[in-house]
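# no sequence on this one, just coordinates:
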């Protein structure tokens, strides 16, 4: 079943073809401040219905955090697909070495932007981004 994430004012709307069954909540210095809960999608799996005056922030150029330019809500992000190379504890997966940079990108949709989401059907994994990344 599809779902739509929308910023507070409605200027940014993003549709996901499927409601996720899992998501991640990170405690890194950025995510902890925004309170986002992220569902991950491959490029092309999200449909951007509207993005009026969108703004982007990036601390190091790799992770792009996208915000509504009207109300300021953080709606989505795109970054290297770290989960394809690293385990949740930050150690490299088999076949990779520390320092390997992922070649693919991944999109993250902030589930806090979805009205009437049934949170009981989503397994939320706590990520220690503050210490593992």
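That came in fine, so what should we check first? Note that the structure is predicted; figures quoted are calculated from it, not measured.

# from now on I want contacts and neighbour counts done on CA atoms only, so please keep to that.
OK.

# any idea how far the helix or strand of the chain with the lowest mean pLDDT is from the chain center?
Ranked by mean pLDDT, DSSP states H and E, the weakest helix or strand in the chain is helix 129-132, scoring a mean of 82. Here helix 129-132 shows a centroid-to-chain-centroid distance of 16 Å under the convention CA atoms, centre = their mean, to the nearest Å.

# gap between the two ends of stretch 115-130?
By CA to CA, to the nearest Å, the extent of stretch 115-130 from end to end equals 29 Å.

# low-confidence stretches in this structure?
For the chain, the stretches flagged by pLDDT under 70 are 133.

# residue ranges of the helices in it, please?
All helices of the chain, identified by DSSP state H, fall at 29-34, 129-132.

# need those in CSV (columns: mean neighbour count and distance to residue 8).
Formatted as CSV, those follow (neighbours: other CA atoms under 10 Å; distance: least, CA to CA, whole Å):
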stretch, mean neighbour count, distance to residue 8
helix 29-34, 12, 14
helix 129-132, 13, 27
